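> Next comes the sequence, and after it the predicted model I'd like to discuss.
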Amino acid sequence: MSVQALIFDVDGTLAQTERDGHRVAFNRAFADAGLDWYWDEARYGELLAVTGGKERMLQHWREIDPQAAAAPDAAARIAALQQAKTAHYLTLVAAGAVRLRPGVARLLDEARAAGLRLAIATTTTPANVDALLRATLHADAPSWFDCIGAGDVVPRKKPDPGIYHWVLERLGVDAAQCLAFEDSANGLRAARAAGLRTVVTRNDYTREEDFTGAWADLDSLGEPGDEARGKVDGAPWRGIVDVARLRAWVGK
Ligand code: XBP
Ligand code: MG
């Protein structure tokens with residue numbers, strides 16, 4: 001069985017977008033709306049258990065003011081906040097607030113050169129993906145991906161596997177011929193439920209999460225001179241995640 005496609009999560013996997021990107025954008029939208037909501041790094045880390053910005057804001061609101069969160073206009077108010085937040089996020093990304101994680105640009109280049117297909121399966125808003133790819137890789141980078149599955153194209157977000165099923169259907173490739181790349185327990189659960197062998201790269205927000213079921217549980221994808229460290233198939237491993245390594249891993 002040969003690997004045909006690599007399917008990447010975005011936030012936390014391609015780039016560390018949450019602390020200095022999304023979180024800052026949410027706080028600016030709250031301030032614009034005259035709300036006294038402020039998510040510091042710790043509070044945002046708690047709320048990251050909920051995927052999807054709209055769902056995350058509703059969770060916060062239910063915790064601080066359940067009655068207002070249940071009001072008839074709550075959904076519309078959250079939608080307006082999400083729109084404002086996304087505008088702030090796009091400005092932050094365009095200004096260079098977010099950088100790719102180690103090994104991501106390298107692996108994408110190698111995969112394209114090797115003729116592997118690329119796809120994205122993310123919970124974030126589609127506009128955010130486009131902006132991140134253009135700001136951190138290349139103006140044409142969105143076209144490198146045969147399929148970009150993002151946000152509300154599916155009714156339920158990760159850990160539901162819907163977004164991965166959506167992407168696999170459009171790729172027309174069997175899950176056994178793909179690898180998923182994730183950073184969170186929610187993402188791993190979604191990928192595994194879709195039958196995908198998954199490479200996890202932990203980050204500051206997800207370091208302590210449970211990654212049982214990951215094929216590779218690493219601290220990064222590695223770069224020459226800065227190897228990734230962690231476990232592969234349950235055994236200690238260090239090295240660079242490249243196409244040759246991925247080919248060796250698929251079908252094991
Ligand atoms: C991460 C998410 C997203 C972002 C915020 O997505 O859960 O909700 O935190 O983006 P993933 P939005 O790890 O699947 O890339 O505000 O647009 O939802
Ligand atoms: Mg993620």
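Here it is on my side, so go on. Ligands and ions are numbered 1, 2, ... in the order given.
> any idea what the residue located most distally from the centre of the chain is structurally, helix, strand or coil?
Distance from the C-alpha centroid of the chain peaks at residue 67, with 31.7 Å (Cα atoms, centre = their mean). Each residue gets one of three states, and residue 67 gets helix by DSSP: H, G, I helix; E, B strand; the rest coil.
> what's whichever residue of the stretch 51-200 of the chain sits closest to ligand 2 sitting at in phi/psi?
As assessed by Cβ to the ion, ligand 2 sits closest to residue 183 within the stretch 51-200 of the chain, at 4.5 Å. (Glycine included, C-beta is placed from N, CA and C.) Taking degrees, to the nearest 10, you get phi -130, psi -10 for the backbone angles of residue 183.
> That one: what's it in contact with?
9, 11-13, 200-203, 206 (Cβ atoms under 8 Å, 6 or more residues apart in numbering).
> what about it, distance to ligand 1?
As judged by Cβ to the nearest ligand atom, to the nearest Å, residue 183 and ligand 1 stand 6 Å apart.
> Spatially, and excluding backbone neighbours, which residue is closest to that residue.
In this structure, residue 183 finds its nearest non-sequential neighbour in residue 12, 3.4 Å apart by Cβ to Cβ, 6 or more residues apart in numbering.
> I figured the one you found was touching residue 184, is that so?
Yes. Here residue 12 lies in contact with residue 184, judged by Cβ atoms under 8 Å, at a distance of 6.0 Å.
> what touches both of these two?
Common neighbours of residue 12 and residue 184, counting by Cβ under 8 Å, 6+ apart, are 205-206.
> higher neighbour count, those two?
residue 184 (26 against 23; other Cβ atoms under 10 Å).
> Spell out which parts of the stretch 151-252 of the chain neighbour ligand 2.
183-184, 187 (Cβ under 5 Å from the ion).
> So which residues on the stretch 1-150 of the chain come close to ligand 1?
9-12, 18, 22, 51-53, 122-125, 128 (Cβ under 6 Å from any ligand atom).
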